[in-house]
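# Structural data only, the sequence is not supplied:
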């Protein structure tokens with residue numbers, strides 16, 4: 001999943017609307033739509049991803065690939081089309 005897909009999934013799991021997320025991070029609803037739905041960008045910057053994850057009660061962690069077990073509820077951020 002790419003970063004946008006993960007944020008959208010987490011929002012759905014927490015029943016958070018775009019309006020609620022926009023309010024939580026202090027941006028407009030239009031800016032939130034642009035981050036998550038706009039075809040202009042394929043993914044999010046780390047700064048924007050961290051900001052949204054924090055509002056959802058998550059954090060971004062970098063760890064060795066396949067060296068440690070992943071806890072339930074963990075998501076792997078990939079590039080578009082990368083399924084590794």
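Structure's in. What do you need? Quantities reported herein were computed from a predicted structural model and do not represent experimental measurements.

# mind checking how far the spatially most central residue of the chain is from residue 66?
Central residue of the chain (Cα atoms, centre = their mean): residue 7, 3.0 Å from the mean position. Using Cβ to Cβ, to the nearest Å, one gets 24 Å for the distance from residue 7 to residue 66. Using the backbone N, CA and C atoms, a C-beta is placed for each residue, glycine as well.

# Next: residue 41.
29 Å.

# These two - which one has more neighbours?
residue 41 (13 against 8; other Cβ atoms under 10 Å).

# Okay, and residue 32 sits in which element?
Element membership of residue 32, judged by DSSP states H and E, is helix 29-36.

# what does that helix rub up against?
The contact list for helix 29-36, computed with Cβ atoms under 8 Å, 6 or more residues apart in numbering, reads 4, 7-8, 18-19, 21-22, 25, 40-41, 44, 48, 52.

# If we ignore the residues flanking it in sequence, what's nearest the residue nearest to the centre of the chain?
residue 52 (5.1 Å; Cβ to Cβ, 6 or more residues apart in numbering).

# so who does the one you found touch?
7, 21, 25, 35, 44.

# Quick check: the last one touching residue 5?
Think residue 44. No - contact criterion Cβ atoms under 8 Å: residue 44 and residue 5 do not qualify, at 10.3 Å.

# neighbour-wise, which of these two wins?
Higher neighbour count among residue 44 and residue 5: residue 44, with 20 against 15, using other Cβ under 10 Å.

# so where's this structure uncertain?
Scanning the chain for pLDDT under 70 picks out 67-69, 80-84.

# can you rerun that using 90?
1-2, 37-44, 60-84 (pLDDT under 90).

# what about the helices in it?
Taking DSSP state H as the criterion, the chain carries its helices at 3-13, 18-25, 29-36, 46-55.

# List the buried residues in the third one.
With burial defined by 16 or more other Cβ atoms under 10 Å, the residues of helix 29-36 counted as buried are 32, 35, 36.
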